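Visitor: Quick one, what's the 3D model for this:
(3 chains)
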Amino acid sequence: MVAENVTTESPALAPAVRKPRGERARRSRRGKLPGRQDWSSWPHYQSAAAGFRGYWYPVAFSSQITGKPTGVTLLGERIMVMRDKGTVYALKDRCPHRGVPLSYGSQQFPGTVSCVYHGWTFDLKNGDLVAAITDGPDSPICRKVTQPTFETAERLGMVWLFVGDGEDAPPIDDQLPEELVDNPAVVGARIQAREGNWRFAVENGYDEGHAKYLHRTALWRLFKPMPVWNETRIEQRGRWIYRVQEKQYWDAEFEGLGRWTGQAWYKKKPPKTVTNIGNTSGHREVNPAIAAQEFPGFASVSMPGVLRIAYPTFIHYEFYVPVDADNHLYVGVMANFASGIKTLPFYAKYLGAVRWLFHGQFSGQDKWMVEVTDAPPERLYRPDDSLLQWRKLAEDVTEERLARLAEAGLTPEDAEPEIVK
Amino acid sequence: MVAENVTTESPALAPAVRKPRGERARRSRRGKLPGRQDWSSWPHYQSAAAGFRGYWYPVAFSSQITGKPTGVTLLGERIMVMRDKGTVYALKDRCPHRGVPLSYGSQQFPGTVSCVYHGWTFDLKNGDLVAAITDGPDSPICRKVTQPTFETAERLGMVWLFVGDGEDAPPIDDQLPEELVDNPAVVGARIQAREGNWRFAVENGYDEGHAKYLHRTALWRLFKPMPVWNETRIEQRGRWIYRVQEKQYWDAEFEGLGRWTGQAWYKKKPPKTVTNIGNTSGHREVNPAIAAQEFPGFASVSMPGVLRIAYPTFIHYEFYVPVDADNHLYVGVMANFASGIKTLPFYAKYLGAVRWLFHGQFSGQDKWMVEVTDAPPERLYRPDDSLLQWRKLAEDVTEERLARLAEAGLTPEDAEPEIVK
Amino acid sequence: MVAENVTTESPALAPAVRKPRGERARRSRRGKLPGRQDWSSWPHYQSAAAGFRGYWYPVAFSSQITGKPTGVTLLGERIMVMRDKGTVYALKDRCPHRGVPLSYGSQQFPGTVSCVYHGWTFDLKNGDLVAAITDGPDSPICRKVTQPTFETAERLGMVWLFVGDGEDAPPIDDQLPEELVDNPAVVGARIQAREGNWRFAVENGYDEGHAKYLHRTALWRLFKPMPVWNETRIEQRGRWIYRVQEKQYWDAEFEGLGRWTGQAWYKKKPPKTVTNIGNTSGHREVNPAIAAQEFPGFASVSMPGVLRIAYPTFIHYEFYVPVDADNHLYVGVMANFASGIKTLPFYAKYLGAVRWLFHGQFSGQDKWMVEVTDAPPERLYRPDDSLLQWRKLAEDVTEERLARLAEAGLTPEDAEPEIVK
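Guide: Purely as a prediction, here's the structure:
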């Protein structure tokens, strides 16, 4: 199950024949060590430290974006976001005149934003410099400068931006989880700025192994029993890969060490039967919108880093948004496929419990691990097949995108774009 | 008016023929972009990130320099300043023994300073090591080490240091604004450590455009009306360049956008006639010392970064003192050419209003801009002719100085000097 | 007395013939300046910024190391230390799986530590991966990964770690000061994390000159008179070098400057006779354990940075422990060679005075100097022979160690070791 780029140790170096200290030859740590692994098998993934371009990303709640400019950083780019007559616009957040952030500016004329320093005024729709206030109406520079713009959308109560390489943005609904596009839903969401690379956040989210061990101390686990370990396989369907759990072990005897279990008298007991919706129980009625998806597995992931955890009555999503190589936004969304009066229990459940136990304490343990993970080098084990398949997905999808860009004559950029007329 | 090193866009790339997204070819941002500009036209200016050597700079109020050593940083050099029998002395602030700052030391013998660590004792006048206390009176190292010294002066209630490249310091009065040397004056001054490169501070100070827009919200502007835009030219006279305002526009109609003005019912009305003293009013009697200067323009600048703003009854100066590449001292001086009893209203005006409104809130807006300016790259516009002429002045004057140094057989240094016997 | 790598100035550049300013040619500071010195004469010392490998170092009080893992940094390496059934164990503090510190983990089975993230479980004795909890009892990775371990010891109420290059650790008693191994003693100790390179800490400790001058203001000095300067020589015996004081001068007349002395009416008077035990007084009975050592000098130092200051009734030690290139641990130990009821006065003296006056304020002045010392370049003087001899000792001893390693076929590492089976 583990991909072959996880090299195995030479039998000649196995513990049984370990030489006594002092006699043993030491290998240089400068070359590639046996049992070690870098990320060179996934070159696009390795170079995507600041995120993959060509996708929509949520950056703020809709209510946070008003007529007063706001500065955000996405994929290493500083972007000014503001609202005008109800529509959200986004421009590169650096006035080309002297480099001052446009997000420090304000609106002086309808449909425009003006830089705080000298009143350079840009059309929000197309980025054109339409006035340089302090140079008067006949300023020769007008319409000779255009500020890069970004396409925007609003979904799930949030503002989304598209960062690409000059290609047309695909419809955002093509990228959102299908069930969120096709069904009415109520959502409870949390956006939190977090330290650590976005890839560690995705990998932590999709990683099967840690939930059973790291989170054993989370209050959420009082109501959510988890096994010691699973037998698992990864299955791809469309743009998602699913973790399919084939067998679960609720406790285990480790030879020479002792017995280990995540169970306790004060925790909810494990379910008698197990399904792939909700992972751990088959006794509840599954919401029809969720059942209709026929998810092969409880947990799935898609580009550019969207995690979906399906429960019988709701779905939990995590969008990991690259801010820069060292920071990301955690966007947790709990969705309930209901409408009208039926949404009330969801609000009660979300605000009364989920927000604090799951989006709070439980997810805070993940936050901690993403901050301190330090790889490569790394040494993967059997459950990390989920990580390998995710990296492969990212690599394959990126190969396809680059082929499309090349066909369109576009050159991908690693960092901030400059649109030049 | 804008110098030709501001390149213009190719007509083939003008907005009218902008190709639709996706079809449009994107330029690499790695080369030099059209409409962009670096500072390579001014090589001396570009390399003077930590300031120009060969000038006098104010570093502290005279009252701050006492018999207890003080450490200052100027042009990237750490310098110890202290007073002995009324005279100010300055030595390089690094004991050559083990690198400990001399400014942590104290005076153990008249006319000397001793390092806190081992009592190495230097003559304040010439930097000679005259005793190494912990090695006794016959220490062989005495008089074999000399600490670099800096020439000092006191003017306008402040201590000034000369940082050069081994040349004799010119008389400080040759560098001060002429009217301050020739006339009695009372001054109100503020020294503030600020972030940001000193060049952005000079450019912000001499930049005509921003005052009308950035400062429109300053309380100072309640009493100081400013136009929307001006017609301006730059005129050099001696070592100063002047901004001469030829025509002022108090409001403006921007086509397709609307009308814009800095005026408001609660602000002082614009003057009927405009002069180049005080810029905005011709009705007040001009102080004879100021009138005698026959300044061609309201605002002028000279090396190494001295701004002079002439009002009818006082002159405001800003000295931008390079601390290092990322920090500078703002030294604001308001001078009134009066003496005796006539100085009392100035003190009242300075302490009651100018210090808070001008040296405080108004200047605080400049402080903010200097912190966030980020150039090059930059894209200059018509009013930036003032910046271009200032950079040209710096470049020309530096060429002359380097020629003088070469003639004297001296080699300029980019950083800390080492005087070796 | 000063070694010949302290170059002397050319007579042609001596003060008497100093040319007037402006005429004088200035030397480039880019080459090696006369009278300046780098550390290239001691290549091993120069490259040992993060410490010398091959030694035992104290890292914590024994009481601080419990069954809950603790992370420490030693010679730039992050190490997890914990106690199991009374014995202290140390493993490299980075789980090989995904780089998370093992010190965030906990004990799940006897004799092991488990990583907090996925429950990878390592044998504390040999570092073997004995279980990967979340992969079940049959996890194929078990016993295929071994975490580097470090040898540990407990002495003087502290935990000590050996960091080497694969060689067997020598017995810790071979490295401790001999008198501490052979005699019962009570100790008062202080461990303090300090900024600054460990070499400046050793050099400050062994440096004769600064105590007389820097510490003249310490309260400790009220009871401990010190001369203005000494005549001194360095004598090696075994692995220690001793500072032997031959003549002491209690005050001094500096020609043209004045008289200087560390004495004052409120300070204890200098002793009539001087010995090399306690340095400044011959009238007290010397403790037999101390007398038996026949120390040739008051102060001595040995690798890897152990200072010993012998007083008549106790000995003060300082262990300077490299954390990384910019930080060290100060470990101050006051030892009294007594047992039983005779130890009571020591506790009273240590807790009532020594801890505050000596390990506190006096040593705090040293802390300050180690933080601000900035060498090379440096300019040494006669008393710095102590520094030169210490550097020579470090260099010689390291040469010998490297020869032993080469003979054993081991390659020294500059940084973190990787033990590979």
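Visitor: Listing request: residues of the stretch 201-350 of chain A with sub-threshold pLDDT.
Guide: Applying pLDDT under 70 to the stretch 201-350 of chain A flags residues A:276, A:278-284.
Visitor: can we see that at 80?
Guide: Within the stretch 201-350 of chain A, the stretches with pLDDT under 80 are A:220-224, A:271-284.
Visitor: Just the strands from it, written as ranges.
Guide: Assigned by DSSP state E, counting those that start in this stretch, the strands in the stretch 201-350 of chain A fall at A:229-237, A:240-249, A:251-254, A:258-261, A:299-302, A:306-310, A:315-324, A:327-336.
Visitor: For residue A:82, give the beta-bridge partners.
Guide: residue A:89 (DSSP bridges).
Visitor: tally of neighbours for it?
Guide: A total of 23 residues lie near residue A:82 under the criterion other Cβ atoms under 10 Å in any protein chain shown. Backbone N, C-alpha and C define where each C-beta goes, glycine included.
Visitor: hmm, back to that, output the strands of the stretch 201-350 of chain A as a markdown table; include the columns distance to residue A:212.
Guide: Shown next, in a markdown table, are the strands of the stretch 201-350 of chain A (distance: least, Cβ to Cβ, whole Å):
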| stretch | distance to residue A:212 |
| --- | --- |
| strand A:229-237 | 7 |
| strand A:240-249 | 10 |
| strand A:251-254 | 11 |
| strand A:258-261 | 10 |
| strand A:299-302 | 13 |
| strand A:306-310 | 14 |
| strand A:315-324 | 17 |
| strand A:327-336 | 20 |
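Visitor: Which one of the ones you listed lies nearest to residue A:135?
Guide: strand A:315-324 (34.7 Å; Cβ to Cβ).
Visitor: if I look at residue A:359, how far off is residue A:192?
Guide: With distances taken as Cβ to Cβ, to the nearest Å, residue A:359 is found 8 Å from residue A:192.
Visitor: helix/strand/coil for residue A:191?
Guide: Using DSSP: H, G, I helix; E, B strand; the rest coil, the structure places residue A:191 in strand.
Visitor: Once you drop chain neighbours, what's closest to it?
Guide: Once flanking residues are discounted, residue A:191 sits nearest to residue A:331: 5.2 Å by Cβ to Cβ, 6 or more residues apart in numbering or on different chains.
Visitor: what comes up buried for the longest helix belonging to chain A?
Guide: Criterion DSSP state H: the longest helix present in chain A is helix A:385-407. Of the residues in helix A:385-407, A:385-395, A:397-398, A:401, A:405 count as buried by neighbour count, 16 or more other Cβ atoms under 10 Å in any protein chain shown.
Visitor: List the contacts of the closest residue to chain B within the stretch 201-350 of chain A.
Guide: Nearest residue of the stretch 201-350 of chain A to chain B (Cβ to the nearest Cβ) works out as residue A:324 at 16.5 Å. By Cβ atoms under 8 Å, 6 or more residues apart in numbering or on different chains, the contact list for residue A:324 reads A:50, A:73, A:75-76.
Visitor: The same query, at a cut-off of 7 Å, please.
Guide: By Cβ atoms under 7 Å, 6 or more residues apart in numbering or on different chains, residue A:324 lies in contact with A:50, A:73, A:76.
Visitor: what's across from it in the sheet?
Guide: Where residue A:324 sits in a bridge, its partners, by DSSP bridges, are residue A:327.
Visitor: Please tell me how far it sits from chain C.
Guide: 20 Å (Cβ to the nearest Cβ, to the nearest Å).
Visitor: ok, now residue A:197?
Guide: Residue A:197 is 12 Å from chain C, by Cβ to the nearest Cβ.
Visitor: how many neighbours does that residue have?
Guide: Per other Cβ under 10 Å, the neighbour tally for residue A:197 reads 25.
Visitor: Do you know the pLDDT at it?
Guide: Note for residue A:197: predicted pLDDT of 96.
Visitor: Hmm, residue A:383 is touching residue C:134, no?
Guide: Yes - the pair residue A:383 / residue C:134 is scored as a contact, 6.1 Å apart, by Cβ atoms under 7 Å.
Visitor: Quick check, the residue in the stretch 301-421 of chain A closest to chain C?
Guide: Proximity of the stretch 301-421 of chain A to chain C (Cβ to the nearest Cβ) peaks at residue A:374, 3.2 Å away.
Visitor: Now that residue: phi and psi?
Guide: Phi and psi for residue A:374, reported as degrees, to the nearest 10, are phi -140, psi 90.
Visitor: Okay, and the closest residue to it other than its chain neighbours sits in which element?
Guide: With Cβ to Cβ, 6+ apart as the criterion, residue A:374 has its nearest non-adjacent residue at 3.2 Å, and that residue is residue C:99. Using DSSP states H and E, residue C:99 sits within no helix or strand.
Visitor: Tell me how many other residues crowd residue C:99.
Guide: Neighbour number of residue C:99 under other Cβ under 10 Å is 17.
Visitor: just residue A:74 next, same as before
Guide: Residues near residue A:74, counting by other Cβ under 10 Å: 23.
Visitor: Just give me the residue right at the centre of chain A.
Guide: Nearest residue to the geometric centre of chain A (Cα atoms, centre = their mean): residue A:320, 2.0 Å.
Visitor: Confirm for me that it is in contact with residue A:328.
Guide: Yes - counting by Cβ under 7 Å, residue A:320 does reach residue A:328; the two are 5.5 Å apart.
Visitor: Find residues that contact each of the two.
Guide: Here residue A:320 and residue A:328 have A:198, A:201 as joint contacts, going by Cβ under 7 Å, 6+ apart.
Visitor: Which residues are in contact with the residue in the stretch 1-150 of chain A that chain B sits nearest to?
Guide: Here the stretch 1-150 of chain A gets closest to chain B at one residue, residue A:99, 3.1 Å apart by Cβ to the nearest Cβ. Residues in contact with residue A:99, defined by Cβ under 7 Å, 6+ apart, are B:373-375, B:378.
Visitor: Many thanks, have a good one.
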